[in-house]
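A.B. asks: Need a 3D model of the following:
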Amino acid sequence: MIMNQGRLEQKGTPWDIYKEPKTPFVASFIGESTMIDDVSELKGFEEGGEGQETRALIRPEYIEVGDAHEFSMLSATEEGTVHRLHFRGSEWMVEVEVGRHKLMTYRSLEKPALTPGQEVRVLVHRAYLFNNERSWMEENRLKVDPMPVMI
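C.D. replies: Sure, this is the predicted structure:
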């Protein structure tokens, strides 16, 4: 159970809470993430309702970062700058600046190395969204399969 100032925010297994947080407090309680106050600042995401402030929580595993040639959905990416790199043994933890936000993600050691200050493309695949009425997960609306299968 996750409590906030004596109030039950959410109960469930750690996995359920991580994968389906019901409030921003719960989402930020477990795991690494970045909170964005206005989801419309992210490319491919929109507000959740008229006149309602919609916040986004972005988990590192929902972000991809690299050179433009690494992306098949380039139109869904936005410009970013590598701010800091942390070696984690099996991967790099990458802090990247996108607009006025610092996002955190991971990058395989098998991919070409990045360097601080390097201009990169950033793709936010999905985000947890929150407003006064509800919480939900949303996919980036600009992601389009470059080779769709027609049956």
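A.B. asks: where exactly do the helices run in this structure?
C.D. replies: With DSSP state H, the ranges of helices along the chain come out as 14-19, 24-29.
A.B. asks: Just the buried positions in the first one, please.
C.D. replies: Within helix 14-19, the residues scored as buried using 16 or more other CB atoms under 10 Å are 17-18. C-betas here are computed from N, CA, C, even on glycine.
A.B. asks: Also stretch 60-76?
C.D. replies: 60, 62-66, 71, 73, 76.
A.B. asks: Cross these against strands and list the overlap.
C.D. replies: Of the buried residues of stretch 60-76, the ones assigned to strands by DSSP state E are 63-66.
A.B. asks: least trustworthy helix or strand in this structure by mean pLDDT?
C.D. replies: Lowest by mean pLDDT, DSSP states H and E among the helices and strands of the chain is helix 24-29, with a mean of 81.
A.B. asks: Output that helix in PDB with nothing but the alpha carbons.
C.D. replies: Output of helix 24-29 as PDB, limited to C-alpha atoms (Å, rounded to 0.1, in the frame of the first residue of the first chain):
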ATOM      1  CA  PRO A  24       1.500  11.400  -9.800                       C
ATOM      2  CA  PHE A  25       2.500  10.700  -6.200                       C
ATOM      3  CA  VAL A  26       2.400   6.900  -6.700                       C
ATOM      4  CA  ALA A  27       4.100   7.200 -10.100                       C
ATOM      5  CA  SER A  28       7.000   9.200  -8.600                       C
ATOM      6  CA  PHE A  29       7.200   7.000  -5.500                       C
END
